[in-house]
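Q: A predicted structure for the sequence below; I have some questions about it.
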Amino acid sequence: MSIAVLETPEPHFIPGYTGYCPQYLYRVGDTYGSLTHKLLLDPTITRSENLVLSDRTMDDYQVLRPPHKDLDIVKARFREGDPLYQHPMMAGYEGFIPRANKVLGQTFSVAAAEGLSEFFKSQMKYRHAAKQLQRTSQLQDGRYCPKSLEDKQLIKSQFRLPLLDVRPEQVAVTRDMPVTEPALQPPRQGYSPYFSDCDDPEKYLKGGFGGHVPFGFSRFGESNQPYTNSALCDFTNNYRMRMSTEWAPVSIIRPDPPLQIQATEIYPKHMGLLPGYLGHVPGQILRFGKTFGNDSQDAKRWLRGDFRV
């Protein structure tokens, strides 16, 4: 048996391909390679005449990764005295490589070389900008003689280096003149707008607060600060009123039970039974709304005909 019989003829999609294949969902009973081969050659199926991947076997197109220019930059840096980074980087190196995480889909050595090249290019760019700024400062201070037309234009520039940090409202004031500024207030530790005074200017909730706003259900049509301020003021006033009235100490006057209770008495008259008592309590199943102790006090009154609640 020849090997050609065992191989799937071209063209076909490789098993594992997750792209679109026309009419594949409606065909069953064959392997993926054989089925896609039949679908690609079926003249009754509408499909594109171009391949999914471009065929580069017929031309001399070739992509080199990393480019020669990047390799030259990395090698030049190594020759200048940077022995840490060199090409090729060994796979498995666990140290830090600048810009290597931005290169995706490449081998370790290619990603390291391209990341290092980009990093070295940015370093040279910033170094050139710093030298240009220093040269401009020397030209304007007279420490460097202008040699070209560009140098002479830098001398006549209205912006002299080094630039001074001056605030807009202090343009006419000398830089060395002391300016008195109000002292900063210390931050308020443990500050809560819920329980602060109603005349406090900071009694409001910050914009974007997603928690509950007490007394805020009846307010609408206002911006965040006045809306939360009025709601918190109502909450504080209501809270303080309840503290002064409802939460005041309450004294309960009850008749004291007798000091001695007969051991043979099952239903005492002056006190209730202990919670968890499993015996019979007359009339208990017909009453509700009281605790077991209050309801079972003098339970025999139902047997005497006293049905008062």
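A: That came through fine.
Q: For residue 224, see how far away the residue positioned nearest the centre of the chain is.
A: By Cα atoms, centre = their mean, the chain has its centre lying nearest to residue 208, at 15.1 Å. To residue 224, residue 208 is 8 Å away according to Cβ to Cβ, to the nearest Å. (Each C-beta comes from the backbone N, C-alpha and C, glycine too.)
Q: Look at the residue nearest to residue 84 when sequence neighbours are not counted and give its secondary structure.
A: Leaving aside its chain neighbours, residue 84 sits nearest to residue 95 (7.8 Å; criterion: Cβ to Cβ, 6 or more residues apart in numbering). Secondary structure, DSSP: H, G, I helix; E, B strand; the rest coil: residue 95 is coil.
Q: Over to residue 95: give its phi and psi.
A: As for residue 95, its main-chain torsions (degrees, to the nearest 10) stand at phi -80, psi 180.
Q: again, but for the one 10 residues further on
A: Its backbone dihedrals place residue 105 at phi 80, psi 20, with angles given as degrees, to the nearest 10.
Q: From residue 121, how far out is it?
A: 21 Å.
Q: OK, contacts around residue 38?
A: Taking Cβ atoms under 8 Å, 6 or more residues apart in numbering, we find residue 38 in contact with 27, 30.
Q: go with 10 Å
A: 9, 12, 23, 27, 30, 45 (Cβ atoms under 10 Å, 6 or more residues apart in numbering).
Q: How many residues are close by the residue nearest to residue 84?
A: 7 (other Cβ atoms under 10 Å).
Q: Which elements pack onto the longest helix seen in the chain?
A: Ordering each helix of the chain by length in residues (DSSP state H) puts helix 108-141 first. Contacts defined by 3 or more Cβ pairs under 10 Å, 6 or more residues apart in numbering; DSSP states H and E place helix 108-141 against helix 68-79, helix 149-155.
Q: Show me how this protein divides into domains.
A: 1-56, 68-138, 193-234 (automatic domain parsing).
Q: closest one to residue 253 among those domains?
A: Closest to residue 253 of the domains of the chain is domain 193-234 (Cβ to Cβ; 34.5 Å).
Q: Return the distance of that closest one from the chain's centre.
A: 26 Å (Cα atoms, centre = their mean, to the nearest Å).
Q: ok, residue 9 - contacts?
A: Contacts of residue 9 by Cβ under 10 Å, 6+ apart are 33-34, 37-38, 41.
Q: go with 7 Å
A: If you count contacts by Cβ atoms under 7 Å, 6 or more residues apart in numbering, residue 9 has them with residue 37.
Q: shaky segments in the stretch 201-309 of the chain?
A: 246-250, 252, 254-263, 307, 309 (pLDDT under 70).
Q: Which parts of it are helices?
A: 224-244, 292-295 (DSSP state H, counting those that start in this stretch).
Q: Verify the contact between residue 115 and residue 104 for me.
A: No. Applying Cβ atoms under 7 Å as the test, residue 115 and residue 104 come out as separate, 11.2 Å apart.
Q: So these two - more neighbours on which side?
A: residue 115 (23 against 6).
Q: ok, residue 119 to residue 97 distance?
A: 9 Å.
Q: ditto for residue 292
A: 76 Å.
Q: what sits against residue 144?
A: So residue 144 contacts 135, 138 (Cβ under 7 Å, 6+ apart).
Q: make it 6 Å
A: Shown in contact with residue 144 (Cβ atoms under 6 Å, 6 or more residues apart in numbering): residue 138.
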